[in-house]
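Engineer: coords below, sequence missing:
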């Protein structure tokens, strides 16, 4: 099955060849992807290199935290993509976006203020989990809305941290 995967606004065509192989463009990659103890933590072995990632489903996409970076991932099979293109549908850049914690952790610092103009990719908050500091970035341009946490506060997975208008 082929999928169109959008990661931070960049599209990739991914084909699942079998349980242990995927094709991204022309590259065939050996993959092992396992959930760790039923948690949103996954062990990923990609072409012999091991990675730990946190994956959770958002409202309209997946949030993936890999090597200290958070990615927004949208996955559509080829048929869904064609139907949306034919209908002229696209992702709305407006409305309110709520940033939720990808995993439980400690808010180390908040680098934005309510009402501040922000740019896509700007680091908004640093969250520490399992002794790693993770930069949570703005998924789009906007104005900082309500900040719901403080530096030094412990948060649970999927807890709303802040919003962007």
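Structural biologist: Thanks, I have the structure now. Predicted, not measured: the structure shown is a model, and the values here were computed from it.

Engineer: Could you tell me which ranges of this structure sit under the pLDDT cut-off?
Structural biologist: Within the chain, the ranges that satisfy pLDDT under 70 run 59, 78-94.

Engineer: go again using 50 as the cut-off
Structural biologist: Scanning the chain for pLDDT under 50 picks out the ranges 89-92.

Engineer: how is it carved up into domains?
Structural biologist: 2-87, 97-164 (automatic domain parsing).

Engineer: Would you reformat those as a markdown table and include mean neighbour count?
Structural biologist: C-beta coordinates here come from the backbone N, C-alpha and C atoms, glycine included. Shown next, in a markdown table, are these (neighbours: other CB atoms under 10 Å):
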| stretch | mean neighbour count |
| --- | --- |
| domain 2-87 | 13 |
| domain 97-164 | 16 |
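
Engineer: For this structure, which segments are assigned as helices?
Structural biologist: Here the chain has its helices, by DSSP state H, at 78-87.

Engineer: what about stretch 107-121, start to end distance?
Structural biologist: 19 Å (CA to CA, to the nearest Å).

Engineer: And stretch 134-147, by the same measure?
Structural biologist: 18 Å.

Engineer: Make residue 1 into 778 and carry on from there
Structural biologist: Taking 778 as the first residue, the last one we looked at is stretch 911-924.

Engineer: What lies in contact with it?
Structural biologist: Contacts to stretch 911-924, defined as CB atoms under 8 Å, 6 or more residues apart in numbering, come from residues 785, 842, 845-847, 849, 870, 873-874, 876, 879, 882, 887, 889-905, 938-942.

Engineer: repeat for stretch 837-850
Structural biologist: 782-785, 821, 828, 830-835, 851-852, 868, 877, 879-880, 909-914, 916.
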